[in-house]
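> the following comprises the amino acid sequence and a computationally predicted model.
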Amino acid sequence: MRNFRGRPGMLAAMLAFGLAAVSACSGGSTAAPSGKVANTEGAAPKGVTLTLWHNTADSKALLDLYKAYEKKSGNTIKLVDIPADSFPSTVQTKWATGARPDILEWHGNRTDALSLNAAGTMLDLSKLPFVAKEGDLATVSGSVGGKTYAATIGALSISGIFYNKQVFAKAGLQPPQTYDDLAADCKVLKAKTPGVAPLFEAGGSQWPPQILSAFNYLAESNENQAYDTSILNGKAKLSDADGPFVAALTAYDKLRTAGCFNSDRTTAKWEDQMKAVLDGKAAMVAQNSDSIGLLNSDANGDTAKVDASVGFVGVSATKAVANYAPSPLGTYYVPSTGDSEKERAAVDFIEFATGAGYADYIKEAKIIPTLSGTTTPELQGLLQDVKKAYDQGATLSFNSEIPGFGNFGPESSKLLADQESPQQVAAKMQAFYQQAAAAAKQ
């Protein structure tokens, strides 16, 4: 199987609970780079209270990791809950006020690191031992300007289609591979399984529509990061009428006009869509592997029930290709707060999470390790489906490297609500990209 040391398309670890790895909007501090490198000299302080802004979708394994660090270090971790449903916007809003935690759980996408101006607001972790163990992952997750500002011990989020096995069997269908399949399956499902939403969307959470409206469709276009590179070097524009991005939005809009979505598509939430596919009220949901933990929770921890009910496949424009991005769950930064004692203690947490505490975390979380030299535990069946989809050639989500894509959540929701056309959304996203790219060069 692939490993993280091969190429930027490295092996994904599948996390047990979470939300989509969506890009956050720009708007963090614009301070000049601090140039601060993580301090690892001398014994770490004890009796320190560290605030950790964490996603409420953190798995029990992550919560237990925090407790294990407290026991080992003599320090206290004060969790500041950031709701999973509004995670990106909440962090951005708090960050914009100048508030800073001692440890930040946050997205690893480069665009997200740039949105908080990682080079100017975070400690450089490049010299810590975990970086070598992450291999190529360290050049993708939390990486800006060739430096690594984040430790990623959780999973990469693998996006594709979750489908209900019983609903598909009743309709006599095989899992989809392409967007033409999605459209054809929608027609059959509407005829043979009335009352079941062919595709369940969650516009009420804003970020979920991004996955089906673009990320999945474009997976095949971004092999070896071909499409995002063409945007970054100016050879293509998101707004190109005959380009892949507009084609993706158009394909999504056709699913909407064909009546493939649930009636409450603009108000339903992420939690609703995962429960719907588990219960058979939806045939398909476009989501990422982070959501498997929510499925398990909805099944009261009965993973056998989840595995029997739900499958996962990669889907893109014309072939079965999944896409991935660093998950915020288990990805940690150390903000530069000016409190040297707390900064040293926060770095000590990073060293523990990627060192002495890592193997126990992986064993409890039952995920594929992101750090080399750690045994892979037995995986849940649905996670094995996700891994299979990844191993078949998953590509880096095209938005991961494109600044300004944090605005896509609201824009894709407008497309879902028929408030903007595909071309209008594409034109606005091109403008957002150009503005963010210009700001990043200042």
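Nice, I can see it.

> and stretch 383-391, which residues are buried?
Leu383, Asp385, Val386, Lys387, Ala389, Tyr390 (16 or more other C-beta atoms under 10 Å). Heads up, the C-betas are built off the backbone N, CA and C, glycines and all.

> name the nearest of those relative to Pro326.
Within those, proximity to Pro326 (C-beta to C-beta) peaks at Tyr390, which comes in at 13.6 Å.

> pLDDT score assigned to the closest one?
The per-residue pLDDT reported for Tyr390 equals 88.

> ok, the one 10 residues further on next?
For Ser400, the pLDDT comes out at 85.

> could you measure the closest residue to it other than its chain neighbours against Ala226, distance?
Closest residue in space to Ser400, ignoring its immediate chain neighbours: Asn109 at 4.5 Å, by C-beta to C-beta, 6 or more residues apart in numbering. When distances are taken as C-beta to C-beta, to the nearest Å, Asn109 and Ala226 turn out to be 18 Å apart.

> outline the domain layout of this structure.
According to the domain assignment given by automatic domain parsing, the chain is divided into the following structural domains: 49-155+327-371, 158-322+400-441.

> tell me which of those lies nearest to Ala394.
Closest of the domains of the chain to Ala394 is domain 158-322+400-441, at 4.1 Å (criterion: C-beta to C-beta).

> want to try JSON lines for the domains of the chain, with mean neighbour count as columns?
Compiled in JSON lines, the domains of the chain are given as follows (neighbours: other C-beta atoms under 10 Å):
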{"stretch": "domain 49-155+327-371", "mean neighbour count": "21"}
{"stretch": "domain 158-322+400-441", "mean neighbour count": "20"}
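
> now these in a markdown table, with distance to Thr40?
As requested, these are arranged in a markdown table below (distance: least, C-beta to C-beta, whole Å):
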| stretch | distance to Thr40 |
| --- | --- |
| domain 49-155+327-371 | 6 |
| domain 158-322+400-441 | 29 |
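
> now do the helices in the stretch 201-350 of the chain.
In the stretch 201-350 of the chain, the helices defined using DSSP state H, counting those that start in this stretch lie at 209-210, 226-232, 244-257, 270-279, 292-298, 303-309, 340-353.

> and the third one, what does it pack against?
For helix 244-257, the packing partners by 3 or more C-beta pairs under 8 Å, 6 or more residues apart in numbering; DSSP states H and E come out as helix 179-192, helix 408-416, helix 422-441.

> reformat those as JSON lines; add distance to Asp302 and mean pLDDT.
Conversion of the helices and strands packed on helix 244-257 to JSON lines gives the following (distance: least, C-beta to C-beta, whole Å; pLDDT from 0 to 100):
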{"stretch": "helix 179-192", "distance to Asp302": "26", "mean pLDDT": "98"}
{"stretch": "helix 408-416", "distance to Asp302": "32", "mean pLDDT": "96"}
{"stretch": "helix 422-441", "distance to Asp302": "40", "mean pLDDT": "92"}
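
> so for Leu114, which of those helices sits nearest?
Comparison of these against Leu114 by C-beta to C-beta identifies helix 422-441 as nearest, at 5.9 Å.

> so how far is the closest one from its chain's centroid?
Relative to its chain's centre, helix 422-441 lies at 21 Å (C-alpha atoms, centre = their mean, to the nearest Å).

> so that helix versus helix 408-416, what angle?
Orientation of helix 422-441 against helix 408-416 (axes from the mean of the first three to the mean of the last three C-alpha atoms, to 10 degrees) gives an angle of 170 degrees.

> hmm, who's touching helix 422-441?
Contacting residues not belonging to helix 422-441 are listed as 26, 30, 111, 114, 231-232, 237-241, 243, 245-246, 249-250, 252-253, 402-405, 407-408, 411-412, 414-415, 420 [C-beta atoms under 8 Å, 6 or more residues apart in numbering].

> also stretch 169-189?
For stretch 169-189, the surrounding residues in contact (C-beta under 8 Å, 6+ apart) are 161, 163, 167-168, 192-193, 196, 198-199, 217, 251, 254-255, 258-260, 283-284, 311, 313-320.

> circling back: please flag which of the buried residues of stretch 383-391 sit within helices.
Leu383, Asp385, Val386, Lys387, Ala389, Tyr390 (DSSP state H).
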